[in-house]
Structure formats: C-alpha cells, structure tokens
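A.B. asks: turn this into a model:
(2 chains)
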Number of protein chains: 2
Amino acid sequence: MRVTFLGTAGALPSIERAPSAVLLEREGDRLLFDCGEGTQRQMMRYRTGFSIDAICISHLHGDHILGIPGLLQTMDFNGRSAPLQVIAPPGGQPAIEELIGVGGFRPSFPLELSTAAAGRPAIEAEGYSVIPVRTDHRGGPSVGYLLRESSRLGRFDRAAAEALGVPPGPLFGQLHQGESVELEDGQVIHSEEVVGPSRSGRQVLYTGDSRPVGTVDEASGAVDLMIHDATFTEADAARAETTGHSTAAQAAMDAVANDARRLALVHLSSRYGGDSSGVLAEARAAAPDVTVLAPADGETVEIPYRADDHV
Amino acid sequence: MRVTFLGTAGALPSIERAPSAVLLEREGDRLLFDCGEGTQRQMMRYRTGFSIDAICISHLHGDHILGIPGLLQTMDFNGRSAPLQVIAPPGGQPAIEELIGVGGFRPSFPLELSTAAAGRPAIEAEGYSVIPVRTDHRGGPSVGYLLRESSRLGRFDRAAAEALGVPPGPLFGQLHQGESVELEDGQVIHSEEVVGPSRSGRQVLYTGDSRPVGTVDEASGAVDLMIHDATFTEADAARAETTGHSTAAQAAMDAVANDARRLALVHLSSRYGGDSSGVLAEARAAAPDVTVLAPADGETVEIPYRADDHV
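C.D. replies: Model (predicted):
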C-alpha cells in the first residue's frame, strides 16, 4: 500500500504546490482523496495514470473538488469503460453532479455517486473498507476518510506444525484458516497450536480540512499514516480556529490521540512561502514519537505492515 | 500590446501544455480569452498576476472553462474588489453562473456576466473594443473574439508645421486633433497640411475551437495576430471535420483570408506528443507570407503597430 501526494497546497496553490489530492494504491485498487484543480496534470507529471476506482471528497470547497470534471473528461477521452465511484460529503451530491455535468458533459462510463455518512462504510472491498469519519470544518458539511484493512490471519508457525507431525500440504491451509485437523494417526491438531493471533490490518486516516478531530472511534488500534490538515503554525492558531483548520501542533496531538505511526502534514498555507520547516518542527516537538513528514507534491510514501507483526 | 499563451493544449492537456487560456494586455487593460483548468497556476508560473479585467469565453467545453472558479476564488482570497467582466458564449450564461457558484462560492467583488452576440461589441473601452465573431464548433454555441483598436490620429509632421511658421506649443495639438488654426499674421493652417491620414489600430483575432472561419466581416483591414485552432494536421483532416476543429493548413488559409501578419497555432492535439513541427511546417507551406508560430505555454508575443505606419 502506498500514498502519493498529488497536491499539498492550502486554499491558494503555488508554483510548487497544487490544490488538495491524495492517491492511495492498495493491491491494484486506487482511491483518490479529494481532487483539486489540476489533479489530472499532476497525475501526468508524476506518472500515476488515471485508472482510479473511486474519488472520496471531504468537502465542497473549490480547492478540493475543481479537478473532478477535467479528470473525468480526460478519462472519457481515453476511452474508460470501468465504473467510477464518487463519494460526496453529506448533502453534497447535487453540487458534485452539477460540477461534473457543467457544459453538458456526460461521461460514457458509469458513474456511481453516493453520499458519505460518518461511521458507515462508503466502500466495502475485498480486504479493506473506507469509512467516512466526522471532521469539523467551516461553511458546510465535511468528512474525513479512514481506510481500514481487514485483520489478517495470524502468523502460521510452520516449524511447530511439522514438529507436531502435520505433513506439508492442504492441512497447513486448513489450520491457517482456523480449522482443526485430524492426522492419520488420529491425533487432532487445533489451529491455535500453530497459528498466532490475528493481526490487525493497516489504517490510513485522511482528515481533509478540519479542526483537530480527537480520537477517531472508527479506527481500530494504531493508525499507520495520518494525513492531516496543517494549514498553520501555532503563531496563527487564532486564524486556524476562525478558518476551520488545524495547526501543525494540533495535527500532532491528533496523531498521538490516534496512535499514529506516521503523520503527513498537508494543506500548508501559502503564507509560509512553500517552506515547511516551521510546521515540521512544531509537529515533531509536539509528537516526538511520531514520524512526521511534510510531503512535497509528487512524493510517495510506502505503508508497510507494522514491524512488530514480523517479530 | 502583447499576448501571453497560458495554455496551448487541445482537449487533453499534457505535462508541457495546459488547457486553453490566452492573456492579452493592452495599456493596463488585461483580458483573458478562455480559462482552462489550472490557468491560475499558469499565471503564477509565468508571473502575470491575477489582475484581469475580463474573461471572454469561446464555448462551454471543459478545457476552456474549468479554470474559472479556481481563478475567481484565488482573486477573492487575494482581496480583489474591482469588478470582473465575464462574457459567456450565446446561451452559456447559466452554465457559467453555475460553475462559478459551485460549492456555494460567491465572490465578494462584483461579477458582471454578459452574453456574447456575434458582431455586437462585448467590451467597448477607451481605444479598443472586443467583438464576438461567428465560429463553427461542435456541440453547442461558440464564438471567437476580435480585439479591434480604434484608429489613431494621423502622423503629425512637425517639420512641415514649423516650415509653415506654426510656433511649437498648443497649436500643434489643435492641428493634430484635426482643427485648423490661425497664426498671428492671419495665415490659416489646415490640419491636413501637417497631419497624415488616420492610421488603423491593431487587431487580434482569437478563434477558440472552430472549423475554418473564412473572412471575418468584423475585422477592419489586416489582422496583426490571429490565434487559431490548429488541433490537427491535414493527415487528420477527416477527424478535424468530425470534431469541429481545424487543421494547421486550414488555419493558414484563414490567416490569408483575413490578411493576418502573424498566425499563432493553438489547441494542438496531444496525438503529436507535444511536437509542433508538423503543424508549423504545414501552416508555413500554406501561407508563406504569414509569420507562423506554435507558441509554448508561457510564451509572449509583442504586437507592435504596423511597420508601414512608421515609414
């Protein structure tokens, strides 16, 4: 699983930073979180291709949605036939339909529009789900998105199985899936003798634009990567409050509250002139145990299974 | 007067070419012809600033309009208070209003929306007007735009005036404006004795997306710069016809028909991989007396008064 930051700017883009868009890829599935103006050209620039399965929209501000119609028109132009899911924030579906249809455009591939409801999975796929989570922005409804993988089977202890006399072959699979098996000599082996406890899947949490979100109930244990609004530093904390955004320190506190392994600071205000050293230093000071990044546009972050699973 | 090509791509942008947008600057007035997705970032990249007076839209296809809401939001963010004219193609005003208002956005500066009618000036300003002209695209109404400067006063022949005994000073100005003046010795000098014939202003013609336009009636004499759809080469002439575009050779014929001094080929199809040598060679062969350009994004063309005026 990996995440590519296609646009990391705040409301005002810059030469270096495009408006919000984050691409997540997992075993062939590709999800886009927000789609600011120019996302299609960012996809060209960073050679990600356009074949995404879903666009998950956090809220209706222009810097998060204005790239949608152009991207869909380019998909159409390229002959896409696969359906595309588009998940709108609560109440936002008519506006998204209007935006897509502007100028009379109708894609020739199927569009599956739906509305996010906090806590109810918006996508349920093989091995993972995407769950909208409550956020707190200004001027209209907003949601964040949690990608939560299903828990994985416990680790199979091949040496233990062989020591118990289980012959390599289909019995290994049955044991791994949780079944008990009977050997030729009549001995019964139970799954828990050779299989460790089930391991939790990975989790990625995208806040979109928001004030601090606190502990996210939908998350199940540690979050592997939290992608958080960090528009301002604490010096502009009052402005963060009035505009419905977070400071880097607040993003860091949210990372701690959700046991995040890594924190990516995005939606950086143009007032810092593209210099992310301030938000980075502030978040690192507030959450010294979290690996904090302020990705540039085009940067990719791999999300491995947790190291402690491999011990 | 000068023109900056902010976006020269066809329907599909590329890493090198953004969707359609052309900025024209004339003595402090700044007009934008079309505004494809990402135009605001092109303006940042090429350091043109955002202070434009009007956006003239040729037609409603996404690659010509999807940059409008983001640009207006950035203007608003930057505290713009000056009114902005937005000229929609015939019947297109509701769609443009819808696009600007998507997500509930309302600019805090005054928006002056109007609808283009071919042949009737859309902008009448000091020294020039902008006149929508008939074009022929596919799928909905379209217009091009002719910027036509007012004719200028004839050249004042200072040496001739002095030889006739006119003292330097206010009488020079009166003669230049077309008045006759009486000297102290009672001699009357007529304007035409010292002022040449009035000189025609410059003209820039932007076709937007179109089949060949033929002779444009609204143009008054030679066109200084024609900016023409040249999506395809003649090898794809059939495709140009079915999609409502022009080939480079057709653009060149239009340049000849309108006595264009220079021809800029834009809206180049991505099928040529960003290589403009084909369209350039074709247009040059078809119009050897016209200076033909295929501008890159960010390229600026100065439009001087015509050389023959200065003889």
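A.B. asks: and the strands in the stretch 151-300 of chain A?
C.D. replies: For the stretch 151-300 of chain A, the strands defined by DSSP state E, counting those that start in this stretch cover A:181-182, A:188-189, A:203-206, A:223-229, A:260-266, A:291-293, A:300-302.
A.B. asks: how about those in TSV, adding mean pLDDT, mean neighbour count and distance to A:Ala248?
C.D. replies: To be clear about C-beta, it is placed using only N, CA and C from the backbone, and glycine gets the same treatment. As requested, the strands of the stretch 151-300 of chain A are exported to TSV (pLDDT from 0 to 100; neighbours: other Cβ atoms under 10 Å in any protein chain shown; distance: least, Cβ to Cβ, whole Å):
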stretch	mean pLDDT	mean neighbour count	distance to A:Ala248
strand A:181-182	94	14	53
strand A:188-189	95	14	53
strand A:203-206	98	27	16
strand A:223-229	98	28	9
strand A:260-266	98	25	6
strand A:291-293	98	20	8
strand A:300-302	98	13	18
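A.B. asks: how long is stretch A:164-183 end to end?
C.D. replies: 10 Å (Cα to Cα, to the nearest Å).
A.B. asks: contacts for that stretch, please.
C.D. replies: Surrounding stretch A:164-183, the residues in contact under the criterion Cβ atoms under 8 Å, 6 or more residues apart in numbering or on different chains are A:153, A:156, A:158, A:161-162, A:185, A:187-191, A:193-195.
A.B. asks: buried subset of these as a PyMOL selection?
C.D. replies: Buried subset of the contacts of stretch A:164-183, written as a PyMOL selection, criterion 16 or more other Cβ atoms under 10 Å in any protein chain shown:
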select buried, chain A and resi 156+161+189+191+194+195
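A.B. asks: any weak-confidence spans in chain A?
C.D. replies: Chain A contains residues with pLDDT under 70 at A:307-311.
A.B. asks: chain B contacts on that one?
C.D. replies: With Cβ under 8 Å from any Cβ of the partner chain as the criterion, chain A meets chain B at residues A:11-15, A:18-19, A:37-38, A:40-41, A:44-45, A:60-63, A:65-67, A:69-70, A:73-74, A:77-78, A:95, A:98-99, A:102-105, A:139-140.
A.B. asks: which residue is nearest the centroid of chain A?
C.D. replies: Most central in chain A under Cα atoms, centre = their mean is A:Val204, positioned 4.3 Å from the mean C-alpha point.
A.B. asks: residues in contact with the residue lying closest to A:Leu111 once chain neighbours are set aside?
C.D. replies: What sits nearest to A:Leu111 in space, not counting adjacent residues and going by Cβ to Cβ, 6 or more residues apart in numbering or on different chains, is A:Leu84, at 5.8 Å. With Cβ under 8 Å, 6+ apart as the criterion, the residues that contact A:Leu84 are A:52-55, A:72, A:75, A:107, A:109-112.
A.B. asks: show me how to select, in PyMOL, the buried members of these.
C.D. replies: For selection in PyMOL, the members of the contacts of A:Leu84 meeting the burial criterion (16+ other Cβ under 10 Å) are listed in this command:
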select buried, chain A and resi 52+54+55+72+75+107
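A.B. asks: wait, which of the contacts of A:Leu84 is closest to B:Leu268?
C.D. replies: A:Met75 (21.0 Å; Cβ to Cβ).
A.B. asks: which SSE is that closest one in?
C.D. replies: Under the criterion DSSP states H and E, the helix or strand holding A:Met75 is helix A:68-77.
A.B. asks: quote the end-to-end distance of stretch A:176-187.
C.D. replies: 17 Å.
A.B. asks: my bad, stretch A:201-214
C.D. replies: First-to-last distance for stretch A:201-214 - Cα to Cα - comes to 21 Å.
A.B. asks: and that stretch, what's buried?
C.D. replies: By neighbour count on 16+ other Cβ under 10 Å, the buried set for stretch A:201-214 is A:201-213.
A.B. asks: could you check which helix or strand contains A:Ile87?
C.D. replies: Taking DSSP H and E as the criterion, A:Ile87 maps to strand A:84-88.
A.B. asks: distance between that strand and the chain's centre?
C.D. replies: Centroid separation for strand A:84-88 versus its chain: 15 Å, with Cα atoms, centre = their mean, to the nearest Å.
A.B. asks: likewise stretch A:170-178?
C.D. replies: The chain centre lies 32 Å from the centre of stretch A:170-178; the measure is Cα atoms, centre = their mean.
A.B. asks: for that stretch, which positions count as buried?
C.D. replies: With burial defined by 16+ other Cβ under 10 Å, the residues of stretch A:170-178 counted as buried are A:171-172, A:175-176.
A.B. asks: can you tell me the closest non-neighbouring residue to the residue of the stretch 201-311 of chain A found nearest chain B?
C.D. replies: When Cβ to the nearest Cβ is the measure, the stretch 201-311 of chain A has its nearest residue to chain B at A:Ser270, with 9.1 Å between them. If you skip the residues right next to it in sequence, A:Ser270 has A:Leu12 as its closest partner in space, 4.4 Å away by Cβ to Cβ, 6+ apart.
A.B. asks: shouldn't that neighbour be within a helix?
C.D. replies: No - with DSSP: H, G, I helix; E, B strand; the rest coil as the criterion, A:Leu12 is coil rather than part of a helix.
A.B. asks: can you tell me the SS state at the closest residue to chain B within the stretch 101-250 of chain A?
C.D. replies: Sorted by distance to chain B under Cβ to the nearest Cβ, the residues of the stretch 101-250 of chain A start with A:Gly103, at 3.8 Å. In the three-state summary, A:Gly103 is assigned as helix, counting by three-state DSSP.
A.B. asks: residues contacting it?
C.D. replies: Remark: with contacts taken as Cβ under 8 Å, 6+ apart, A:Gly103 is in contact with B:60-62, B:65, B:95, B:99, B:140.
A.B. asks: try it again with 6 Å
C.D. replies: With Cβ atoms under 6 Å, 6 or more residues apart in numbering or on different chains as the criterion, the residues that contact A:Gly103 are B:60-62, B:95.
A.B. asks: ok so, going back, and the furthest pair within the contacts of stretch A:164-183?
C.D. replies: Between all members of the contacts of stretch A:164-183, the longest pairwise span (Cβ to Cβ) is found for A:Leu153 and A:Asp185 and amounts to 26.5 Å.
A.B. asks: that older thread, list the buried residues of the helix holding A:Met75.
C.D. replies: The neighbour-count check on helix A:68-77 (16+ other Cβ under 10 Å) flags A:68-76 as buried.
A.B. asks: what about the residue of the stretch 201-311 of chain A closest to chain B, how many neighbours?
C.D. replies: The local packing of A:Ser270 (other Cβ atoms under 10 Å in any protein chain shown) involves 18 other residues.
A.B. asks: show the subsequent helix or strand relative to the host helix or strand of A:Gln42.
C.D. replies: Here A:Gln42 sits within helix A:39-45, counting by DSSP H and E. On the C-terminal side of helix A:39-45, the closest following helix or strand by DSSP H and E is strand A:54-56.
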